[in-house]
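*Asks:* everything below, folded, please.
(6 chains)
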Protein chains: 4
Amino acid sequence: MAGSVNKVILVGNLGKDPEIRQAQSGAKIVSLTLATSDTWNDKASGERREKTEWHRVVIYNERIADVAERFLRKGRKVFLEGSLQTRKWTDQSGQERYTTEVVVDRFRGDLVLLDSNRGEGEDFGGGQSASAPASRGNAGRSPATAGRPDLDDEVPF
Amino acid sequence: MAGSVNKVILVGNLGKDPEIRQAQSGAKIVSLTLATSDTWNDKASGERREKTEWHRVVIYNERIADVAERFLRKGRKVFLEGSLQTRKWTDQSGQERYTTEVVVDRFRGDLVLLDSNRGEGEDFGGGQSASAPASRGNAGRSPATAGRPDLDDEVPF
Amino acid sequence: MAGSVNKVILVGNLGKDPEIRQAQSGAKIVSLTLATSDTWNDKASGERREKTEWHRVVIYNERIADVAERFLRKGRKVFLEGSLQTRKWTDQSGQERYTTEVVVDRFRGDLVLLDSNRGEGEDFGGGQSASAPASRGNAGRSPATAGRPDLDDEVPF
Amino acid sequence: MAGSVNKVILVGNLGKDPEIRQAQSGAKIVSLTLATSDTWNDKASGERREKTEWHRVVIYNERIADVAERFLRKGRKVFLEGSLQTRKWTDQSGQERYTTEVVVDRFRGDLVLLDSNRGEGEDFGGGQSASAPASRGNAGRSPATAGRPDLDDEVPF
DNA sequence: TTTT
DNA sequence: TTTT
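*Replies:* Model prediction:
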């Protein structure tokens, strides 16, 4: 089916430090857990309520993965753009499971750091923006995530 | 946590007619299955490949649910904006499961019809924003489905 | 023309304090000047370069205007969503001019504060999110900005 | 200034055929005029009203410029993503002027064709992302223009 | 005019 | 598990 758009835009805080792993190809893959939340006044009780949503983010884009590894830490606030992808996997009891992730790959995605470094850890000397180039090569284009055997034996979250 | 954004933007085609159900409150809830796809040239085989992503959409917003019920049909192309929500549920074997959906609720979301089935079905004489939809799909197979075999296949949910 | 989308998403810093004025109807209108920037390495000189883009934002949405008036100040970083609108006006020499603005109105737009209050001015006790409700009334809908006589004699920027 | 985002998302119809020109570097530059519109019921008169917004789009991205040149024609509906840029120029009377455009450049932007003119003109056998557009508009008036009188009017630029 |  |  042609003519489609699949875009996710998140601004949230990292729930923990990024997890770095290696694809079989040697490529770096960075996983993030990002929290967004809604707050509202409950009309019944009059109390202020909050609901946090947790997002699983997987970064295949090389340049963005580098930025994420170097500068992202638990608690940091980021703007992140990616696309939705639901991955099928088999749990230990042999049952099929599905996990939906926000994927930042070679062709789509962006990462912008929104808070300043608080003096902890490595300094990074300025703001970072690390977007995937719009110019997707038309030859040899192949989603970095097709099949993704490197992830098939990994339990999400 | 304050200061967050949780936004999904999709342009895709409905995999089947909308499902309408009623909340205990009596409110109408509309569920959609939306397909987006990526196509690329496989560098190894040189073949053209395509991967379709299926999105579960749940519309709680009253006005948008009305529009969806009246005008959306299998095969129609829509622009949809909502937010990500992962819902926990228990399957028949008692195991915890998670399902991620794109939610259009009272506060966030949009629906825009992108193809017109002019001259067929109900006319509504206006633009196709969710507040003023422009054309009515037929019941059953929309003509827009012709030529899109991927939509004739079984949808995963 | 039906079936359209007009959306702007900005994350940037206020160049100065918001300007508050009153429409003839008595409604509050808040104007912001928002800076975004791109940085890159000039391949010729090898120098780091930066280009700042200034955006004129006009907030007609009542609730968001309130939040903007109370919490936004020069330098603050915000996430802002609105729509593009180009306004025609006549300058002092009688010439027609056009100014493009990002409009946050009753039906579309969002404002999220992204940095914490730095201890200056009024405290606001938490994060603010102030989005325009998705439920645009279908009766009596009329863009707050149609004609906008209150702005016609105002020179932009 | 780091940590900023400048993003425009439009779904609209071309007001006229794309204009192609050459940069001094020899690079192809494609300009589009895109219409989006809002419709609403005027509460005073009870009449249905519509306001069309015209957007200037400039495509510097090589791959997307190619797609635009080949497949876009007056009346076609597209999804377009770019960034806002205000350009200063001097008119014939020596006065400074500003024009705001939606820019699709090397780093940011996307173009997706949303309607198909199947069976007419050049076939390209694929999906309609900018890297793999799916259908070719006719030269001259596209059939999609029929019934959309607003596109037959003079566009403002 | 912002920001880093 | 984040954040305010």
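*Asks:* so is stretch A:81-97 next to chain C?
*Replies:* No. Under the criterion of C-beta under 8 Å from any C-beta of the partner chain, stretch A:81-97 makes no contact with chain C; the nearest approach is 9.4 Å. Bear in mind the C-beta positions are built from the backbone N, C-alpha and C, glycine included.
*Asks:* quick one: that stretch near chain B?
*Replies:* Yes. Judged by C-beta under 8 Å from any C-beta, stretch A:81-97 comes into contact with chain B through A:83-86, A:95, A:97.
*Asks:* which two among the residues you listed are spaced furthest apart?
*Replies:* A:Ser83 and A:Gln95 (26.4 Å; C-beta to C-beta).
*Asks:* looking at these two, which one has more neighbours?
*Replies:* Neighbour totals were compared for A:Ser83 and A:Gln95, and A:Ser83 leads with 24 against 12 (other C-beta atoms under 10 Å in any protein chain shown).
*Asks:* ranges for the helices of chain A?
*Replies:* Per DSSP state H, chain A carries helices over the ranges A:62-71, A:149-152.
*Asks:* among the ones you listed, which is nearest A:Lys43?
*Replies:* If we rank those by C-beta to C-beta, the stretch that ends up nearest is helix A:62-71, at 39.9 Å.
*Asks:* which of the helices of chain A has the lowest average pLDDT?
*Replies:* Among the helices of chain A, helix A:149-152 carries the lowest mean pLDDT, a mean of 34.
*Asks:* tell me who's in contact with the most centrally placed residue in chain A.
*Replies:* Nearest residue to the geometric centre of chain A (C-alpha atoms, centre = their mean): A:Val57, 2.2 Å. Counting by C-beta atoms under 8 Å, 6 or more residues apart in numbering or on different chains, A:Val57 touches A:10, A:31-34, A:80, A:82, A:101-104.
*Asks:* now these in TSV, with neighbour count and distance to C:Ala130?
*Replies:* Shown next, in TSV, are the contacts of A:Val57 (neighbours: other C-beta atoms under 10 Å in any protein chain shown; distance: C-beta to C-beta, whole Å):
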residue	neighbour count	distance to C:Ala130
A:Leu10	24	18
A:Ser31	20	32
A:Leu32	26	27
A:Thr33	18	26
A:Leu34	23	22
A:Leu80	25	21
A:Gly82	27	25
A:Glu101	23	29
A:Val102	25	25
A:Val103	25	30
A:Val104	29	28
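*Asks:* between these, which sits nearest B:Arg48?
*Replies:* Among those, and counting by C-beta to C-beta, the member closest to B:Arg48 is A:Val103, at 21.3 Å.
*Asks:* beta-bridge partners for that closest one, please?
*Replies:* Beta-bridge partners of A:Val103, counted by DSSP bridges, are A:Val58, A:Ser83.
*Asks:* what's near enough to touch it?
*Replies:* Counting by C-beta under 8 Å, 6+ apart, A:Val103 has contacts A:57-60, A:82-85, A:109, A:145.
*Asks:* any low-confidence regions in chain A?
*Replies:* Residue ranges of chain A with pLDDT under 70: A:1-2, A:117-129, A:134-157.
*Asks:* near DNA strand F, which residues of it? Just list them.
*Replies:* Neighbours of DNA strand F within chain A, by C-beta under 7 Å from any atom of the strand: A:12-16, A:33, A:35, A:37, A:52, A:54, A:74-75, A:77, A:157.
*Asks:* in ChimeraX, select just the buried ones from those residues.
*Replies:* Applied in ChimeraX, the following selects the buried portion of these according to 16 or more other C-beta atoms under 10 Å in any protein chain shown:
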select /A:12,13,14,33,35,37,77
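*Asks:* and of the helices of chain A, who's closest to C:Asn6?
*Replies:* Nearest to C:Asn6, of the helices of chain A and by C-beta to C-beta, is helix A:62-71 at 28.3 Å.
*Asks:* still on that earlier bit, let me know the closest of the residues of stretch A:81-97 next to chain B to B:Ala68.
*Replies:* For the residues of stretch A:81-97 next to chain B, the nearest to B:Ala68 is A:Leu84 (19.4 Å; C-beta to C-beta).
*Asks:* and for that closest one, the neighbour number?
*Replies:* Counted with other C-beta under 10 Å, A:Leu84 comes out at 20.
*Asks:* with A:Thr86 instead?
*Replies:* Neighbours of A:Thr86 (other C-beta under 10 Å): 16.
*Asks:* got the contact list for it?
*Replies:* Each residue near A:Thr86 by C-beta under 8 Å, 6+ apart is listed here: A:98-101, B:53-54, B:100.
*Asks:* do A:Phe79 as well
*Replies:* A:9-11, A:110-112, A:114, B:5, C:11, C:79, D:3, D:5.
*Asks:* for it, give the beta-bridge partners.
*Replies:* A:Val11, A:Val112.
*Asks:* and stretch A:39-46, how far from the chain's centre?
*Replies:* Taking C-alpha atoms, centre = their mean, to the nearest Å, one finds the center of stretch A:39-46 at 31 Å from the center of the full chain.
*Asks:* my error: substitute stretch A:32-41 in the last question.
*Replies:* Using C-alpha atoms, centre = their mean, the offset of stretch A:32-41 from its chain centre is 15 Å.
*Asks:* and that stretch, anywhere near chain C?
*Replies:* Yes. Using C-beta under 8 Å from any C-beta, stretch A:32-41 reaches chain C at A:38-39.
*Asks:* does chain B sit close to that stretch?
*Replies:* Yes. With C-beta under 8 Å from any C-beta as the measure, stretch A:32-41 is seen reaching chain B through A:35-39.
*Asks:* now, those residues that are in strands?
*Replies:* Those of the residues of stretch A:32-41 next to chain B mapping onto strands are A:35-39, per DSSP state E.
*Asks:* kindly reformat those residues as CSV containing distance to B:Gly26.
*Replies:* Converted to CSV, these look like this (distance: C-beta to C-beta, whole Å):
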residue, distance to B:Gly26
A:Ala35, 33
A:Thr36, 30
A:Ser37, 29
A:Asp38, 24
A:Thr39, 27
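*Asks:* from the residues you listed, which is closest to DNA strand F?
*Replies:* Ranked by distance to DNA strand F (C-beta to the nearest atom of the strand), those are led by A:Ala35 at 3.4 Å.
*Asks:* OK, contacts around the closest one?
*Replies:* Contacts of A:Ala35 by C-beta under 8 Å, 6+ apart are A:12-15, A:52-55, B:1, B:4.
*Asks:* show only the entries of the residues you listed found in strands.
*Replies:* A:12-14, A:52-55.
*Asks:* widest-spaced pair of these?
*Replies:* Across the ones in strands among the contacts of A:Ala35, no pair lies farther apart than A:Leu14 and A:Glu53, at 13.9 Å, counting by C-beta to C-beta.
*Asks:* centre of the chain to stretch A:3-16, how far?
*Replies:* Centre to centre, stretch against its chain (C-alpha atoms, centre = their mean), the figure for stretch A:3-16 is 7 Å.
*Asks:* restricting to C-alpha, output that stretch in CSV.
*Replies:* Taking Å, rounded to 0.1, in the frame of the first residue of the first chain, the C-alpha atoms of stretch A:3-16 are listed here in CSV:
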residue,chain,number,x,y,z
GLY,A,3,1.2,6.8,0.2
SER,A,4,1.4,6.2,3.9
VAL,A,5,3.0,8.0,6.9
ASN,A,6,4.0,6.5,10.2
LYS,A,7,5.3,9.1,12.6
VAL,A,8,5.6,9.3,16.4
ILE,A,9,6.7,12.5,18.2
LEU,A,10,7.5,12.2,21.8
VAL,A,11,8.8,14.6,24.4
GLY,A,12,9.6,12.8,27.6
ASN,A,13,12.2,11.7,30.2
LEU,A,14,14.4,8.7,30.2
GLY,A,15,13.4,6.2,32.9
LYS,A,16,16.9,4.8,33.0
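*Asks:* cool, thanks, talk later.
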